[in-house]
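Asks: sequence unavailable; structure follows:
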């Protein structure tokens, strides 16, 4: 009998404190969580020591990166209403009609990069398929067919209609991207009198 | 502490009661802790704790009408430092005019970072207002990225501006023929 008692004592540790800590951390992480959405075009942003944070609302992000050695531009908008409204304006402009389901699906997409003609097909895809590399080919930005410009214009229009605030723009460029690419985007924004924008950067170590 | 007291309080037979109480008093928390840590791991990996950082960049208005008269602002050449960004993280910089640079400011190669261009910039951030005699007339840095420079170079140099507290800086896209010679030399 005495032996059995001994072994019992040794096997069970008091988990109360550990449990407390675990749940404290869990609560913290749940409360601070903003789910990270997978990026269809991953870019390696350059780092900087600047501490300003990116605004969370009224923001459009232009992602410039490389995929399969091809320069691609993706566009992302924050906020469901803004996305819906922007798509509405774009549909008018390009004479494409979207069904309610497609509009609802578009409202959930953080970032996309397809010509508007192919948007329907992408919207019909599953979420997991959509973010696969090579599925989305980037938004055309050349001078003949500058859809990015239209997206920028319509989203500004949409934001102006929804809120009083001006839409802010952020450029998220890949560090290895050559300057003329970025310059083109900046020029495009400047042509529309968007003269102030954010460059998305990562954090740099203290000893730089 | 958080121990469940399930045994009935009125202990009649001392030793026996105590033992039964001990075995009942603790709930096995192992499974609960397991679950908690599983969830913690999940939330840690799925959250992006910090928002991405960003650098504010303001550019001047673009002149839409090419016939519009450019309002040239004459700036003291003592105040201007030009930095040309080349390929393979190379930098050329000079102080003043290219033809007649300020003392110690002849076109030179530079590197990014603490021991490179920053030393020169920091020196001039303090020396230029002293030379011009007023605090409002501080340094003006003209950043000229060439076609071969990367986006990282641009961000690095803008970061340098922020670190050195350069009062005025501008990104200029046109490169003069004389400067083009420097660029060709650097980018060859």
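Replies: In hand now; what should we look at? Keep in mind the model is a prediction, meaning the values are calculated, not measured.

Asks: what are the ranges of the helices in chain B?
Replies: With helices called from DSSP state H, chain B shows them at B:14-25, B:30-46, B:117-132, B:151-164, B:177-187.

Asks: same question, chain A
Replies: With DSSP H, the ranges of helices along chain A come out as A:2-11, A:16-32, A:80-94, A:100-107, A:119-124, A:127-130, A:147-162, A:179-191.

Asks: now the first one: average pLDDT?
Replies: Per-residue pLDDT values over helix A:2-11 give a mean of 55.

Asks: so which helix or strand of chain A has the lowest pLDDT on average?
Replies: helix A:2-11 (a mean of 55; mean pLDDT, DSSP states H and E).

Asks: still on that earlier bit, most packed of the helices of chain B?
Replies: Of all the helices of chain B, helix B:151-164 has the most neighbours on average by mean count of other Cβ atoms under 10 Å in any protein chain shown, namely a mean of 22. Yep, even glycine has a C-beta here, placed from its N, CA and C like the rest.

Asks: low pLDDT regions in chain B?
Replies: For chain B, the stretches with pLDDT under 70 are B:1-26, B:48-51, B:63-73.

Asks: in it, which residue is most central in space?
Replies: Among the residues of chain B, the one closest to the centroid is residue B:159, at 4.9 Å (Cα atoms, centre = their mean).

Asks: follow-up on the earlier one: next, format the helices of chain B as TSV and append distance to chain A.
Replies: Below are the helices of chain B laid out as TSV (distance: least, Cβ to the nearest Cβ, whole Å):
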stretch	distance to chain A
helix B:14-25	8
helix B:30-46	4
helix B:117-132	9
helix B:151-164	4
helix B:177-187	12
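
Asks: can you redo those as a markdown table with distance to residue A:110?
Replies: Below are those laid out as a markdown table (distance: least, Cβ to Cβ, whole Å):
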| stretch | distance to residue A:110 |
| --- | --- |
| helix B:14-25 | 51 |
| helix B:30-46 | 15 |
| helix B:117-132 | 37 |
| helix B:151-164 | 22 |
| helix B:177-187 | 38 |
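
Asks: does residue B:131 really touch residue B:95, like I thought?
Replies: No - counting by Cβ atoms under 8 Å, residue B:131 does not reach residue B:95; the two are 10.8 Å apart.

Asks: and the helices of chain A as TSV, adding mean neighbour count and distance to residue B:77?
Replies: Putting the helices of chain A into TSV (neighbours: other Cβ atoms under 10 Å in any protein chain shown; distance: least, Cβ to Cβ, whole Å) gives the following:
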stretch	mean neighbour count	distance to residue B:77
helix A:2-11	8	82
helix A:16-32	15	52
helix A:80-94	18	47
helix A:100-107	14	54
helix A:119-124	17	53
helix A:127-130	12	55
helix A:147-162	19	38
helix A:179-191	18	26
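
Asks: so can I have a markdown table of the ones you listed showing distance to chain B?
Replies: Listed next are the helices of chain A as a markdown table, based on distance: least, Cβ to the nearest Cβ, whole Å:
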| stretch | distance to chain B |
| --- | --- |
| helix A:2-11 | 8 |
| helix A:16-32 | 4 |
| helix A:80-94 | 18 |
| helix A:100-107 | 21 |
| helix A:119-124 | 24 |
| helix A:127-130 | 15 |
| helix A:147-162 | 14 |
| helix A:179-191 | 4 |
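
Asks: and those helices as TSV, adding distance to residue B:169?
Replies: Converted to TSV, the helices of chain A look like this (distance: least, Cβ to Cβ, whole Å):
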stretch	distance to residue B:169
helix A:2-11	67
helix A:16-32	36
helix A:80-94	33
helix A:100-107	40
helix A:119-124	40
helix A:127-130	40
helix A:147-162	25
helix A:179-191	15
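
Asks: comparing the ones you listed by mean pLDDT, which bottoms out?
Replies: Set side by side, the helices of chain A give their lowest mean pLDDT on helix A:2-11, at a mean of 55.

Asks: not counting its neighbours along the chain, what's nearest residue B:106?
Replies: Nearest residue to residue B:106, sequence neighbours excluded (Cβ to Cβ, 6 or more residues apart in numbering or on different chains): residue B:94, at 6.3 Å.
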